[in-house]
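Enquirer: Predicted model and sequence follow; I will ask about them next.
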Amino acid sequence: MHPAPSVILFSTLSGLGFGFLAFLGWGALTPSGWAAFLLWALGYGLAVAGLLASTFHLGNPKNALKAFTQWRTSWLSREAWTSVATLLLLAPVALSDIFGLGLPRLLGQIGGLLALGTVLTTAMIYAQIKAVPRWHHWLTPVMFLAFALAGGALLSGRAWAPVLLLAVGAVLLAVWRVGDGAFARAGQTMGTATGLDRLGVPSVLDPAHTAGNYLKREMIFVVGRKHAVKLRRIALVLASAAPAVVLLLPLGGWGIALAAALHLAGALSARWLFFAEAEHVVGLYYGARG
Amino acid sequence: MTALPQATQTKLGLVIDLDTCVGCQACVTACKGWNDAGIGLSDQNPYGADPSGTFLNRVHSYQVAIPDAPAQVVTFPRSCLHCDNAPCVTVCPTGASYKRAEDGIVLVNEDACIGCGLCAWACPYGAREMDEAQGVMKKCTLCVDRIYNETLAEEDREPACVRTCPTNARHFGDLADPDSAVSRLVAERGGYDLMPDMGTKPTNKYLPPRKKGPGTASPLAPLLDVKATGIAGWLDRMLGKI
Ligand code: SF4
Ligand code: SF4
Ligand code: SF4
């Protein structure tokens, strides 16, 4: 699948933002005054920036409000609801922290769960798609949630954040391991795509069209194997190992900032791979397995 | 509403005969022409170095290696299959994508579409293409604006691709009715679904190419061996020496 920068930024930033908002909602940090304002602003800023980035992916954003209508069937519509509900529900909690209003924490706890629910709905948008075998697996939501939890724990300075960061690494390894065989396991070939397997073994004679089209640009993206291996290493080190080590050094707030920057860079490379390595079965018609 | 109808009484769809299709691309052109005039199907840079355009029907061509028989060329039209269990419909957040309860046609209401592209991702068959100029999703409508259109002559009330196909490789009808011409064709010829394991339950069916026997000699072959005599023979020998 085409690794569109808007979608990569959206899912990475909003995942981190909602993860952090969850920890703030749960009261992992109990800041007050300006400190509270800055922390909540960071959480909201990341989450909203991600949502805004996603609208750049839309061809016709003027209808965006209609995306709230189909929550019964559509994960994308559910995501619209959970994200807005989270942002609204946590607003009084944020105000209470900033102005010391002493609102009961329960609201924050519910908001925190909703924040994770938002991340889950984002992940399900991809995991539901059977035509992309690499995504169509329960490890997809696990990976998205692992990133959100580790990122949130990191930003809120939890002592056990390094453990969650290492867990992200383990999940990434599992995702790659399982994902690499997913297309073959789905069992689709040019033969089943055309039904010509009943006759013999088909291969492309002439392309259906010599110029590019939406399908080829959007769904048939081939990443060099060597690149993928290198990027996986980079993602693993930056998203997981490096920030975990940095957090263990006695660097205080700067350590958290450095670890967060490393983690974000790693998360972005992992998310790039998540799209770039995902092969859509439509590629079979074009003779590309991807 | 992006919930799928429980079951549709009528299932309008196409049956495409891969044995007779010659890959002339007439159906591609007829589809583009009719729908460009109707819903609009934009092209980008059509006469430039890197053209691109929105099409609802594409014709591929494959060579098939067959054990113990000569290889075969198969041309293969690909368009929306109007699936019963259409994943492109249920993923749509706006309700723009829907399946009609009355005849099973899968359509996009462009006034509600946000152009997110998720439905195109969900379709295993690449049947949906985003119109870059309009920013909304396009797909085969089964020429819903022809098949019920009483201002057209009776024989024109079928999809443009079916109407235009010079070899009659495309058939249109109700696949829910076991006695319809299309259903009988599917039964006789062993019509099949594309990628049935994707669970989409397509309405459209494909008829397999018939197996060709071993290669036979051309009836004109004996003529290739004729020895010219007389003046023609003399000319033949002379010219052969030059
Ligand atoms: S018009 Fe008929 S013969 Fe020509 S490509 Fe289309 S289906 Fe095949
Ligand atoms: S062929 Fe694709 S676009 Fe058409 S109904 Fe099936 S899944 Fe939807
Ligand atoms: S592109 Fe349009 S029709 Fe397709 S899922 Fe998005 S809103 Fe629905």
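Expert: Done, it's in. Ligands and ions are numbered 1, 2, ... in the order given.

Enquirer: now the strands: where do they sit in chain B?
Expert: B:12-17, B:43-44, B:52-53, B:57-65, B:72-79, B:97-99, B:106-108, B:128-131, B:136-139, B:170-174, B:205-207 (DSSP state E).

Enquirer: These into JSON lines, with extra columns for mean pLDDT?
Expert: Listed next are the strands of chain B as JSON lines, based on pLDDT from 0 to 100:
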{"stretch": "strand B:12-17", "mean pLDDT": "98"}
{"stretch": "strand B:43-44", "mean pLDDT": "95"}
{"stretch": "strand B:52-53", "mean pLDDT": "94"}
{"stretch": "strand B:57-65", "mean pLDDT": "97"}
{"stretch": "strand B:72-79", "mean pLDDT": "97"}
{"stretch": "strand B:97-99", "mean pLDDT": "97"}
{"stretch": "strand B:106-108", "mean pLDDT": "97"}
{"stretch": "strand B:128-131", "mean pLDDT": "96"}
{"stretch": "strand B:136-139", "mean pLDDT": "97"}
{"stretch": "strand B:170-174", "mean pLDDT": "98"}
{"stretch": "strand B:205-207", "mean pLDDT": "98"}
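
Enquirer: Can you classify the closest residue to B:R58 other than its chain neighbours as helix, strand or coil?
Expert: Distances taken as Cβ to Cβ, 6 or more residues apart in numbering or on different chains put A:A208 closest to B:R58, at 4.4 Å, once the chain neighbours are dropped. Every residue, glycine included, has its C-beta placed from N, CA and C. On the three-state scheme (DSSP: H, G, I helix; E, B strand; the rest coil), A:A208 is labelled coil.

Enquirer: ok now do A:A208, which residues does it touch?
Expert: For A:A208, the contact set (Cβ atoms under 8 Å, 6 or more residues apart in numbering or on different chains) comprises A:Y285, A:Y286, B:R58, B:V59, B:H60, B:S61, B:R78.

Enquirer: my guess is the fifth one contacts B:V28, does it?
Expert: Just to be clear, that refers to B:H60. No. With contact defined as Cβ atoms under 8 Å, B:H60 does not count as touching B:V28 (10.9 Å).

Enquirer: anything in contact with each of those two?
Expert: B:P77.

Enquirer: Let me see the ranges of the helices in the chain.
Expert: This is for chain A. Applying DSSP state H to chain A gives helices spanning A:5-26, A:33-55, A:75-99, A:106-127, A:139-155, A:161-180, A:182-186, A:190-194, A:214-219, A:225-236, A:242-248, A:252-276.

Enquirer: not what I meant, chain B
Expert: Going by DSSP H, chain B shows helices at B:26-38, B:87-90, B:118-122, B:144-147, B:160-164, B:181-189, B:230-241.

Enquirer: So what touches the fifth one?
Expert: Surrounding helix B:160-164, the residues in contact under the criterion Cβ under 8 Å, 6+ apart are B:14, B:26-31, B:33-35, B:57, B:77, B:79, B:143, B:146, B:155-156, B:170-172.

Enquirer: and these near chain A, which?
Expert: Among the contacts of helix B:160-164, proximity to chain A is found for none (Cβ under 8 Å from any Cβ of the partner chain).

Enquirer: what residue ranges in the chain score low on pLDDT?
Expert: Since you didn't name a chain, this refers to chain A. Applying pLDDT under 70 to chain A picks out residues A:290.

Enquirer: I was thinking of chain B, sorry if that wasn't clear
Expert: Across chain B (using pLDDT under 70), the flagged ranges come out as B:1, B:215-217.

Enquirer: For the residue nearest the centre of chain B, name its beta-bridge partners.
Expert: The C-alpha lying nearest the average C-alpha coordinate of chain B belongs to B:P77 (Cα atoms, centre = their mean; 3.2 Å). Note on B:P77: beta-bridge partners B:V59, judged by DSSP bridges.

Enquirer: isn't it right next to B:C27, touching?
Expert: Yes. Taking Cβ under 8 Å as the definition, B:P77 is a contact partner of B:C27 at 6.1 Å.

Enquirer: Give the residues shared as contacts by those two.
Expert: Common neighbours of B:P77 and B:C27, using Cβ under 8 Å, 6+ apart, are B:N57, B:V59, B:C161, B:R170.

Enquirer: quick one on the thing from earlier: which of the contacts of helix B:160-164 are buried?
Expert: B:14, B:26-28, B:30-31, B:34-35, B:57, B:77, B:79, B:143, B:146, B:170-172 (16 or more other Cβ atoms under 10 Å in any protein chain shown).

Enquirer: and which of these is nearest to A:T121?
Expert: Ranked by distance to A:T121 (Cβ to Cβ), those are led by B:S79 at 31.8 Å.

Enquirer: any idea how far chain B is from A:G212?
Expert: 5 Å (Cβ to the nearest Cβ, to the nearest Å).

Enquirer: and chain B, which residues reach ligand 3?
Expert: Applying Cβ under 6 Å from any ligand atom, we find that chain B lies next to ligand 3 at B:91-92, B:94, B:96-97, B:108, B:113-119, B:137.
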